[in-house]
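> Structure for this input, please:
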Amino acid sequence: MKFIYPAVIRKTEEGKFQASFPDLECCYAEGDTLEEAVDNANEAAYDWLYLEISEDGDLPPVSDLHDIELQEGEEVRNIAVNIRFTEGWDE
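Purely as a prediction, here's the structure:
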């Protein structure tokens, strides 16, 4: 199953990139480059979603990109996560 959540990415004063998910509470990632931050955001979102699903939690609704308020220098990237469910996956 494919899940797509927006991540807000910003460059820090130290030159690194940080990503946060407005819809996924306490889900963050960072990287030395934008590409690394996006890759790490994908992994963080996967872990967050997998844990929530495995604990029978409800997934939060996805924010509309136009509703996300950005600060100067921030950008939004949609992060796609594929989770494969197999028989007995939650046992």
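> what are the ranges of the helices in the chain?
Applying DSSP state H to the chain gives helices spanning 34-54.
> what stretches of it score poorly on pLDDT?
Along the chain, segments meeting pLDDT under 70 span 87-91.
> who's in contact with the longest strand belonging to it?
Ranked by residue count and defined by DSSP state E, the top strand of the chain is strand 2-11. Outside of strand 2-11, the residues within contact range by C-beta atoms under 8 Å, 6 or more residues apart in numbering are 17-24, 29, 34, 37-38, 41, 45, 49, 59, 62-63, 65, 68, 70-71, 73-83. To be clear about C-beta, it is placed using only N, CA and C from the backbone, and glycine gets the same treatment.
> what inclination does that strand have with respect to helix 34-54?
Interaxial angle of strand 2-11 relative to helix 34-54 (axes from the mean of the first three to the mean of the last three C-alpha atoms, to 10 degrees): 140 degrees.
> Given strand 2-11, what are its sheet partners and their directions?
Sheet pairing for strand 2-11, assigned by DSSP bridges, gives strand 17-20 (antiparallel), strand 75-82 (antiparallel).
> Of the ones you listed, which stretch is the most buried?
Mean neighbour count (mean count of other C-beta atoms under 10 Å) peaks for strand 17-20 among the strands paired with strand 2-11, with a mean of 20.
> mind putting the strands paired with strand 2-11 in JSON lines, distance to residue 5 included?
Below are these laid out as JSON lines (distance: least, C-beta to C-beta, whole Å):
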{"stretch": "strand 17-20", "distance to residue 5": "11"}
{"stretch": "strand 75-82", "distance to residue 5": "6"}
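> residue contacts, the residue nearest in space to the middle of the chain?
The centre of the chain sits closest to residue 45, judged by C-alpha atoms, centre = their mean, with a distance of 4.0 Å. Residues in contact with residue 45, defined by C-beta under 8 Å, 6+ apart, are 3, 5, 7, 21, 24, 27, 79, 81.
> Tell me the most packed of those, by neighbour count.
Greatest neighbour count in the contacts of residue 45, by other C-beta atoms under 10 Å, goes to residue 7: 26 neighbours.
> partners of it in the sheet?
The partner residues for residue 7, given DSSP bridges, come to residue 77.
> Also the one 4 residues further on?
In this structure, residue 11 bridges to residue 17 when assessed by DSSP bridges.
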